[in-house]
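Undergrad: Provided below are the primary sequence and the corresponding predicted coordinates.
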Amino acid sequence: MEGNQTMVTEFTLLGFCLGPRILMLLFGLFSLFFAFTLLGNGAILGLISLHSRLHTPMYFFLSHLAIVDVACACNTVPRMLLNLLNPAKPISFAGCMTQTFLFLSFAHTECLLLVVMSYDRYVAICHPLRYSAIMSWRVCVTLVMTSWACGSLLALVHVSLILRLPFCGPHEINHFFCELLSVLKLACADTSLNQVVIFAASVFILVGPLCLVLVSYTCILFSILRIQAAEGRRKAFSTCSSHLCVVGLFFGSAIVMYMAPKSQHPEEQQKVLFLFYSLFNPMLNPLIYSLRNAEVKGALRRALFKESHLQTE
């Protein structure tokens, strides 16, 4: 049967099934969000690299989070914008697999980086006297490299299992990018092994890290409550609040994505959730860290003051 069918060499991303005027409106809106994502995360990276006060483990991890956000947005959004203008333009099989691999790599890495950042805050608040010894630069680099390596290896496992499957038609992916589950629906073979690996990976990369983050912040909360001075408690809360907001956005959208109740249009619901995951989160993260972090706001004010001072001269 499969031998009589033509093997798929390219896919068509259906994207959003809306009218032409709404698609053009979405193109303009998403282009604006994409620009804000690049500018916001670029500003965070620039501030961290230029200001020596931000050369600490906390901002080292934040810089990698910004890199992941930019990379994730650049992987999915340009193709989505192209599809809004030309919905019929196909994507090659190799390009689709590359996009799937990169998206999974960046998503896994961001999840692990958030765990690393929560551990950094735990050490800073619960063991402040030993912070420099525990969070040495060697440890920080090892944690970041491990996050990137684990995220990429896990994505490679998923893509390798996809590549063993035959795709003999249809060739239309009901999504705005080559999302893993949407691609699997087009395989003309048993995908039970892929489903088992996806479930196991979800437990490892989502449930496990979320539990570690919750444990870290439970310990942090008890340590903060033991602080006698009100100013000390306020400062401790301020150092964690921005990270907690990012954790809430990331894990909240991921949990809703996988635990949302079934509706009449579950695929359309998934598109909106993945849109939040791949576009809105990367745009909001730098805003959260700049608006809720005194050191980042101070570095930004110094940079703007220096620029205005140079212009007046």
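TA: Right, received. Where do you want to start?

Undergrad: what are the ranges of the helices in the chain?
TA: 20-50, 57-85, 93-126, 131-134, 137-163, 180-184, 192-202, 208-225, 230-259, 266-275, 281-291, 294-312 (DSSP state H).

Undergrad: Would you mark the buried spots in the fourth one?
TA: Looking back up the chat, that one is helix 131-134. Judged by neighbour count using 16 or more other C-beta atoms under 10 Å, the buried positions of helix 131-134 are Tyr131. Heads up, the C-betas are built off the backbone N, CA and C, glycines and all.

Undergrad: The third one now?
TA: Neighbour-count burial for helix 93-126, counted by 16+ other C-beta under 10 Å, picks out 93, 96-97, 99-126.

Undergrad: any idea how far Ile134 lies from Val116?
TA: 13 Å (C-beta to C-beta, to the nearest Å).

Undergrad: Kindly report the same for Val70.
TA: Taken as C-beta to C-beta, the span from Val70 to Val116 is 18 Å.

Undergrad: and Ile23, how many neighbours does it have?
TA: Actually, residue 23 is Leu rather than Ile. Leu23: 16 surrounding residues under other C-beta atoms under 10 Å.

Undergrad: going forward, begin numbering at 458 instead of 1
TA: In the new count, where the first residue is 458, that last one comes out as Leu480.

Undergrad: and Val616, how many neighbours?
TA: Going by other C-beta under 10 Å, the residues that sit close to Val616 add up to 17.

Undergrad: how about it, what does it touch?
TA: Met554, Thr557, Phe558, Leu561 (C-beta atoms under 8 Å, 6 or more residues apart in numbering).

Undergrad: Look up the closest residue to the third one, ignoring the ones flanking it.
TA: The reference is to Phe558. What sits nearest to Phe558 in space, not counting adjacent residues and going by C-beta to C-beta, 6 or more residues apart in numbering, is Val616, at 4.6 Å.

Undergrad: Leu522 - nearest residue in space that isn't next to it in sequence?
TA: Here the residue nearest Leu522, using C-beta to C-beta, 6+ apart, is Leu570, at 5.3 Å.
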